[in-house]
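> Next come a sequence and a model predicted from it.
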Amino acid sequence: MEEGNKNTALIKWEPATLVRVNKSLAITNKLLSLNKDPFLIPYRKGDKWGYCDRDKKIVIPCNYDWAFPFVKNLAIVKIEGKWGFINKIGKEIVQIIYANVSPFSEGLAAVRNLNNKWGFVDYSGKEIIPCIYTNPSHSDYYFSEGLVNVNINGKWGFIDKLGNEIIPCIYDFACSFSEGLVSVQFNNKFGFIDKTGKEVIPFIYERTLWRKTFSKGLAIVKYNSKYGFIDKIGKEIIPFIYEDTLWPRPFSEDLAVVKLNNKFGFIDKTGKEIIPFIYEDNPWQKSFSEGLVDVKFNGKCGFINKMGNKIIPFIYDEVDSFSEGFASVKRNNKCGYTDKTGKEIIPCIYDRAEPFSDGLARVMIIYGKLGYIDKNGIEYWED
């Protein structure tokens, strides 16, 4: 900038000014580094839990009887039989006074008081909806599309996030809303209602899914002892020809697993057979996840892709769905993890191995002893 225009400069070129600016920037950068959100991992020391960083440096002391991973800067912990939430500096946000708590959904978390009644708290720990509800089915209370199913005196209905009753508690059972509709049970039959409580699909079905019944416009339902798929006006899209299974599954990644002649196969949304019915009966049969699905053949489990090609050989006693690029597998009564090429990244040395979430997975070392590992197999505990 020319000397004659220096009065119009945003910052005058003066050594003292630059020194002050540089010092201010250094202080700001230091504060930002101090305020950087740390990644904390549940860490077990003997029978007590706390939290550490990736280098296993303890950040929150191991004073808890149980500790779950952080989700949105809050974590569920347990002390002396009571549950609550803490933040990343160990401060109690939701008081540790409850007999049970559920994870947050749509900004609220369900909590059960010592009188066995459920209510809801917000992220500050404030009880937004009082603890007046029961839960005879022992299912978790999760908000979905702004509403949650609740139970009073053995009957189910729906409330909003302020606790207002939107749909009265008159049903024998109620699932969670998905795509604007929800499955409810009345007089031992299931049908579908909308968010005003209006009956949209009649009460003629024997069974539906508990959660997220509709998936991309279709719902799997049971009618005359057979499963098929209907659309959101109740029209039969895929005929009721499929057999009963312990856990019927919705469409996932455009394919649905169904059972016919005691074998599992996969169909598309028109009902066309995409993967033949050659896989063995498996009460825990899953849906596609991350492009692969577990199936059972000749008594062993492996993975196939959407064309039915074998990707991971049938060598395992049990497997679970892929999550974050890893799937837990079990052989010789021990569990570990494989990647999508079939390479065992973490060896089968654990008694139990749960899916990865946010880079962490919970494993059981021996019966009753749990701990967390990361994707490199680093173990975050000490006995």
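Received the coordinates, thanks.
> remind me which residues of the stretch 51-200 of the chain are low pLDDT?
Across the stretch 51-200 of the chain, the ranges flagged by pLDDT under 70 are 136-140.
> That one: helices as residue ranges?
Applying DSSP state H, counting those that start in this stretch to the stretch 51-200 of the chain gives no helices.
> give me the element the closest residue to N187 other than its chain neighbours is part of.
Once its chain neighbours are removed from consideration, N187 has its nearest residue in F203; the separation is 6.8 Å (CB to CB, 6 or more residues apart in numbering). The way it works is simple: take the backbone N, C-alpha and C, and place the C-beta from them, glycine included. F203 is part of strand 199-205 when elements are defined by DSSP states H and E.
> Neighbouring strands - and their directions - for that strand?
Paired with strand 199-205 in the same sheet, following DSSP bridges, are strand 189-193 (antiparallel).
> buried residues in the strand it pairs with?
F190, G191, F192, I193 (16 or more other CB atoms under 10 Å).
> how about these in JSON lines, adding distance to F158?
Formatted as JSON lines, the entries for the buried residues of strand 189-193 read as follows, by distance: CB to CB, whole Å:
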{"residue": "F190", "distance to F158": "16"}
{"residue": "G191", "distance to F158": "15"}
{"residue": "F192", "distance to F158": "13"}
{"residue": "I193", "distance to F158": "9"}
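> which one of those sits closest to I237?
The shortest gap between I237 and any of these belongs to F192, at 14.4 Å (CB to CB).
> List the contacts of the closest one.
Taking CB atoms under 8 Å, 6 or more residues apart in numbering as the contact definition, F192 lies against L181, V182, S183, V184, E199, V200, I201, T213, A219, K232, G234.
> Buried ones from those, can you make that a PyMOL selection?
One line in PyMOL is enough to select the buried ones among the contacts of F192; burial here means 16+ other CB under 10 Å:
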select buried, resi 181+182+183+184+201+213+219+232
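> need the strands for the stretch 1-150 of the chain, in chain order.
41-45, 48-52, 58-64, 66-67, 75-79, 82-86, 92-98, 100-105, 108-112, 118-121, 127-133, 148-152 (DSSP state E, counting those that start in this stretch).
> Need the ones you listed in JSON lines (columns: mean neighbour count).
What follows is those, written out as JSON lines (neighbours: other CB atoms under 10 Å):
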{"stretch": "strand 41-45", "mean neighbour count": "23"}
{"stretch": "strand 48-52", "mean neighbour count": "21"}
{"stretch": "strand 58-64", "mean neighbour count": "17"}
{"stretch": "strand 66-67", "mean neighbour count": "20"}
{"stretch": "strand 75-79", "mean neighbour count": "21"}
{"stretch": "strand 82-86", "mean neighbour count": "21"}
{"stretch": "strand 92-98", "mean neighbour count": "18"}
{"stretch": "strand 100-105", "mean neighbour count": "18"}
{"stretch": "strand 108-112", "mean neighbour count": "23"}
{"stretch": "strand 118-121", "mean neighbour count": "24"}
{"stretch": "strand 127-133", "mean neighbour count": "17"}
{"stretch": "strand 148-152", "mean neighbour count": "23"}
